[in-house]
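Trainee: Give the three-dimensional model of this entry:
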Amino acid sequence: MAPIPRTILVVGSLNTDMTTRTRRLPNPGETIVAQAFSTAPGGKGANQAVACCRLARASSDASPGNISVKMVGAVGDDEFGSCLKDSLRQNRIDVEGVVVKEGFSSGVAVIIVDEDTADNRILYTGGANEALTAQDFPGNFFSSFNPLPSILVLQLETPLQTVLHLLTLASDTSIETILNPAPARHIPLQFYSKIDHLILNESEATYLTGEEVTYLDDDAGVQSTINRFLERGVKRSVVITMGARGCYFRSSDNEEGWIRPEVQAQDVVDTTGAGDTFVGAFAVARAEGNGVVHSLNFATKAASMSIRKTGAQAGIPWRGEVQWRRKY
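Mentor: This next block holds a predicted model:
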């Protein structure tokens, strides 16, 4: 029997990433010479859409298989906007839902990468992403999909009210949701019950709980933090990603524990986009019908591959680069 076609819908931001690589950050009022500069398509929404598409296909020339990826978002009426849409098309992503907002610039992320540690710092300007409002998604929004999306992936680089509105529509339609609350914004308590999977990093987890980041230095703090999100109503799993430490999770099936990455310090080139790769890989594995543990193993392996290359989207591996077996 042929696999059932599945659709992953990603609603979120599209940005142009302007990346500078430097050996150190300048002090206030100081100018220093950087090592390199590059411009590339990005945005957490677009990055996660590319990750979904690449991790559903063995290679760039392979068939998309039974998973299609649709992107919904907004760009400005500028040259950046058309380039961003073209880049997604080249990855075989459906961009019919990416609208042009007249009078707005496209989103931009200014990224500074430390040459020695590969850590990054990001300044984000939303532009047209901030003009993607709840009015763009009427109550019958999902009725235009045939079949319905298997997975809805959301982040917080678009207005919070838009994301909350989509969580409500998806929950009412029984569509499985993944929320990556980045950048962190406070989520009203009543909306946690509309989230199937909450994937967040250390700073986002502590921001949303009011704890210090050091609270997650030991297992007891991590477990307590995850329990708080489950108590708020998250339905299927909570996952906290912690860089080189891996990720810790707990599911509604009472499965929990660490999943450690297979990566050495010398392998790290650029961590930009690793979190988006993780989310995209998890979405693909879930769309294929895998359980939470299997999906997180795949996500961890994919993210470990992504940090060995430069660039948020360019560093995302193809499925053939990640050792994994489909459930089908």
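Trainee: Helices of the stretch 101-250 of the chain, residue ranges please.
Mentor: Secondary structure of the stretch 101-250 of the chain, counting by DSSP state H, counting those that start in this stretch: helices at 160-172, 202-209, 219-232.
Trainee: can you list these in JSON lines and add mean pLDDT and distance to Val238?
Mentor: Where you see a C-beta, it was placed from the backbone N, CA and C, and this is true even at glycine. Conversion of these to JSON lines gives the following (pLDDT from 0 to 100; distance: least, CB to CB, whole Å):
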{"stretch": "helix 160-172", "mean pLDDT": "98", "distance to Val238": "15"}
{"stretch": "helix 202-209", "mean pLDDT": "97", "distance to Val238": "9"}
{"stretch": "helix 219-232", "mean pLDDT": "97", "distance to Val238": "5"}
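Trainee: Reformat these as JSON lines; add mean neighbour count and distance to Asp114.
Mentor: Shown next, in JSON lines, are the helices of the stretch 101-250 of the chain (neighbours: other CB atoms under 10 Å; distance: least, CB to CB, whole Å):
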{"stretch": "helix 160-172", "mean neighbour count": "19", "distance to Asp114": "30"}
{"stretch": "helix 202-209", "mean neighbour count": "19", "distance to Asp114": "17"}
{"stretch": "helix 219-232", "mean neighbour count": "16", "distance to Asp114": "26"}
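Trainee: Packing partners of the lowest-mean-pLDDT helix or strand in the chain?
Mentor: Sorting the helices and strands of the chain by mean pLDDT, DSSP states H and E puts strand 120-125 at the bottom, at a mean of 84. Strand 120-125 sits against strand 107-114, with contacts defined as 3 or more CB pairs under 8 Å, 6 or more residues apart in numbering; DSSP states H and E.
Trainee: Partner strands of the strand it packs on, with direction?
Mentor: Paired strands of strand 107-114, with direction, are strand 15-22 (parallel), strand 120-125 (antiparallel) (DSSP bridges).
Trainee: which other residues reach the helix or strand just after the first one?
Mentor: Read that as strand 15-22. Past strand 15-22, heading to the C-terminal end, the next element that is a helix or strand (DSSP states H and E) is strand 36-42. Among residues not part of strand 36-42, those counted as contacts by CB atoms under 8 Å, 6 or more residues apart in numbering are 14-21, 83-84, 87-88, 109, 273, 310-314.
Trainee: Buried only: go through the residues you listed for me.
Mentor: In those, burial by neighbour count holds for 14-19, 21, 83-84, 87-88, 109, 273, 310-314, counting by 16 or more other CB atoms under 10 Å.
Trainee: Pull the contacting residues for the residue nearest in space to the middle of the chain.
Mentor: With distances taken as CA atoms, centre = their mean, the residue of the chain nearest its centroid is Asp276 (3.4 Å). By CB under 8 Å, 6+ apart, the contact list for Asp276 reads Lys44, Asn47, Gln48, Ala51, Asn180, Ala312, Ile316.
Trainee: these two touch, right, the fifth one and Gly275?
Mentor: Yes: taking CB atoms under 8 Å as the definition, Asn180 is a contact partner of Gly275 at 7.2 Å.
Trainee: on contacts alone, who are the packing partners of whichever strand or helix holds Leu88?
Mentor: Assigning secondary structure by DSSP H and E places Leu88 in helix 79-90. With contacts taken as 3+ CB pairs under 8 Å, 6+ apart, helix 79-90 sits against strand 15-22, strand 36-42, helix 44-54, strand 67-76, strand 94-101.
Trainee: Would you mind giving these as CSV with distance to Val213 added?
Mentor: As requested, these are arranged in CSV below (distance: least, CB to CB, whole Å):
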stretch, distance to Val213
strand 15-22, 24
strand 36-42, 25
helix 44-54, 21
strand 67-76, 30
strand 94-101, 35
